[in-house]
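**Q** Using only what follows, build the 3D model:
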Amino acid sequence: MSTRTPDQERLYRRRQLAAAFRVFAEHGFDEGVAGHITARDPILTDHFWVNPFGTHFGDIRAGDLLLVDHAGQVVRGTGRINPAAFAIHAAVHAARPDVVAAAHAHSTFGRAWSALGRPLDPITQDACAFFEDHTVYRDFTGVVLDLDEGKRIAAALGGAKATILRNHGLLTVGHSVGEAAWWFVAMESCCQVQLAAEAAGTPVRIDAAEARATRETVGGHDIGRFSFGPLYRHAVRRDPGLLD
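**A** Sure thing, here's the model as predicted:
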């Protein structure tokens, strides 16, 4: 259990969030103005922190983040919020009180896999982290600007750690910023691996019982948070100014 005060926790989440954007930039997940990661505010729990619309992931610092209320109004920070970010993330945070952070970006392999409209299969140890713990949202209706569609996405996510937005990309969530960011990195990699494996032949699926047991080892909240740690520290070493 964290011993941080609410103000310390707020700063911690903002710094984790800024580092997550640097990690996403380094992995090539930035795509113009698309993509967003959010972190629930620990004090105003119906508010969340998000990246300013139109700022490159690789330039974001903790001080650049925007605090947005339940109505989509920026109450702290300077800049605009991506309308799609509000439509998706507001619904997810409202539907999942356990979720601290959510991540969505237009990553290459996530988009490619999403075009198939299928869940990932347990064909590697890493993919087992998502076995029976991700869903597919099958109702592509264009750019998500409708709050009702955000609610449908949240409903499709259910209690899982991720959903594949058909013809769109990936959405991951976590009990910490690090967890949500790590699941996105990991899921993107799993999409790449399955695309490569299917291009080469017919992948061998891991037995469901073994996949389930493996998920208990590699797919927990603490593992997700811990796995993000090296990426966070590397990002801070590269540019300590991201914490400002």
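**Q** And residue 75, how close does it get to residue 226?
**A** According to Cβ to Cβ, to the nearest Å, residue 75 and residue 226 sit 32 Å apart. Any C-beta I mention is one placed from the backbone N, CA and C, and that applies to glycine too.
**Q** actually residue 63, not the one I typed
**A** Relative to residue 226, residue 63 is positioned 27 Å away (Cβ to Cβ).
**Q** Check residue 202 too.
**A** Taking Cβ to Cβ as the measure, residue 202 falls 34 Å from residue 226.
**Q** got it, and residue 49?
**A** Distance, residue 49 to residue 226, by Cβ to Cβ: 22 Å.
**Q** higher neighbour count, the two?
**A** Remark: of residue 49 and residue 226, residue 49 carries more neighbours, 24 against 14, as counted by other Cβ atoms under 10 Å.
**Q** helices and strands around whichever strand or helix holds the more buried one, which ones?
**A** Per DSSP states H and E: residue 49 is located in strand 48-50. Contact here means 3 or more Cβ pairs under 8 Å, 6 or more residues apart in numbering; DSSP states H and E; on that basis strand 48-50 packs against helix 6-26, strand 36-40, strand 66-68, helix 83-95.
**Q** Could you export those as CSV, including mean pLDDT?
**A** As requested, these are exported to CSV (pLDDT from 0 to 100):
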stretch, mean pLDDT
helix 6-26, 98
strand 36-40, 98
strand 66-68, 98
helix 83-95, 93
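**Q** Helix or strand next in line after the helix or strand where residue 164 lies, which one?
**A** Per DSSP H and E: residue 164 is located in strand 162-165. Later in the chain than strand 162-165, the nearest helix or strand by DSSP H and E is strand 169-174.
**Q** Please state the offset of that following strand from the chain centre?
**A** How far strand 169-174 lies from its chain's middle: 4 Å, per Cα atoms, centre = their mean, to the nearest Å.
**Q** Give me the contact list for it.
**A** Strand 169-174 has contacts (Cβ atoms under 8 Å, 6 or more residues apart in numbering) with 88, 92, 96, 99-107, 110-111, 114, 137, 153, 157, 161-165, 180-184, 187-188, 191, 221, 224-225.
**Q** same thing with stretch 146-159?
**A** 86-92, 94-96, 135-139, 141, 144, 163, 165, 171, 173.
**Q** Off-centre distance for that stretch?
**A** The answer for stretch 146-159 is 15 Å, by Cα atoms, centre = their mean.
**Q** which parts of that stretch are buried?
**A** For stretch 146-159, a neighbour-count test (16 or more other Cβ atoms under 10 Å) marks 149-154, 156-157 as buried.
**Q** of the residues you listed, closest to residue 130?
**A** Distance to residue 130, by Cβ to Cβ, is smallest for residue 157 among the buried residues of stretch 146-159, at 12.7 Å.
**Q** if I look at that closest one, how far off is residue 119?
**A** 13 Å.
**Q** shared neighbours, these two?
**A** residue 135.
**Q** So which residue is dead centre in this structure?
**A** The residue lying closest to the centre of the chain (Cα atoms, centre = their mean) is residue 103, at 2.1 Å.
**Q** for residue 44, helix, strand, or coil?
**A** coil (DSSP: H, G, I helix; E, B strand; the rest coil).
**Q** Provide the backbone phi and psi angles at it.
**A** phi -100, psi 90 (degrees, to the nearest 10).
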